[in-house]
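Asks: below are the sequence and a predicted model for it; my questions follow.
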Amino acid sequence: MITFASLNQQQKFVVWSSTTAVIFSTVFVLIAYFLIPVSLPLLNTQEQRLIWTLQFQIFPALMLLAGIVAVSLNRFINNFINPLAGGESTSMRVHQRYLSNTLEQTILFIVASLILSSFLDSYSIKLIPIVTILFVLGRIAFWWGYLQHPLNRSFGMAVTLYPTIVILSYDAFCLLYG
């Protein structure tokens with residue numbers, strides 16, 4: 001059985017970062033949902049909510065584009081144009097891993113958000129911009145943390161992944177029992 005005491009220092013740091021990320025994400029969503037007034041357009045139909053949600057997916061897509069640009073510029077400037085030649089710098093490898101992970105996370109997030117929008121009413125649809133902002137903040141924290149030290153990516157990873165898991169779980173629940 002795994003206990004916190006049996007974990008090594010790196011594992012403990014990841015657990016601490018992930019726990020902090022869950023608390024941050026929960027507080028962020030609750031404050032944004034209940035305390036920040038959001039002026040919403042009138043979205044009476046599922047189609048309107050779906051289109052509105054799709055429009056917000058520009059922000060996760062821009063995070064993906066930022067990774068593509070970073071890898072491309074890094075390759076060009078540092079003469080790593082041939083990706084098969086090897087010899088990439090640490091920062092180049094971080095940019096590549098950010099890009100790969102962001103592609104994976106973005107696909108899951110977009111699917112989860114679009115499905116979620118079909119279950120939300122015209123008031124609760126304000127969750128979409130809230131979780132989208134959270135996603136972008138998570139990607140920024142992941143990338144910045146990764147550039148500092150590989151362990152420091154764990155907070156941003158959790159801020160991105162755990163809300164997506166919650167949304168997908170809610171989507172599946174609504175499909176099965178709603």
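Replies: That came in fine, so what should we check first? Residues are numbered from 1 along each chain as shown.

Asks: Phe119 sits in which helix or strand?
Replies: Secondary structure from DSSP states H and E places Phe119 outside every helix and strand.

Asks: how far away is it from Phe34?
Replies: With distances taken as Cβ to Cβ, to the nearest Å, Phe119 is found 19 Å from Phe34. Heads up, the C-betas are built off the backbone N, CA and C, glycines and all.

Asks: quick one, which of those two is more surrounded?
Replies: When neighbours are counted by other Cβ atoms under 10 Å, Phe119 and Phe34 differ, and Phe119 comes out ahead with 16 against 7.

Asks: which other helices and strands does the helix or strand harbouring Thr164 contact?
Replies: Applying DSSP H and E as the criterion places Thr164 in helix 154-177. Contacts defined by 3 or more Cβ pairs under 8 Å, 6 or more residues apart in numbering; DSSP states H and E place helix 154-177 against helix 9-34, helix 90-117, helix 127-148.

Asks: state the mean pLDDT of the second one.
Replies: It stands for helix 90-117. In this model, helix 90-117 carries a mean pLDDT of 96.

Asks: next: the last one.
Replies: When pLDDT is averaged over helix 127-148, the result is 97.

Asks: so how far is it from its chain's centroid?
Replies: Its chain's C-alpha centre and that of helix 127-148 lie 5 Å apart, by Cα atoms, centre = their mean, to the nearest Å.

Asks: how far off helix 90-117 does that helix point, in degrees?
Replies: Helix 127-148 and helix 90-117 are oriented at 170 degrees to each other (axes from the mean of the first three to the mean of the last three Cα atoms, to 10 degrees).

Asks: flag every buried residue along helix 127-148.
Replies: Within helix 127-148, the residues scored as buried using 16 or more other Cβ atoms under 10 Å are 127-132, 134-139, 141-143, 145-146.

Asks: on that earlier part again, which of the helices and strands packed on helix 154-177 sits closest to Glu47?
Replies: With Cβ to Cβ as the measure, helix 90-117 is the member of these nearest Glu47 (10.0 Å).

Asks: what packs against that closest one?
Replies: So helix 90-117, by 3+ Cβ pairs under 8 Å, 6+ apart, packs with helix 46-56, helix 58-77, helix 127-148, helix 154-177.

Asks: most packed of those helices?
Replies: helix 127-148 (a mean of 20; mean count of other Cβ atoms under 10 Å).
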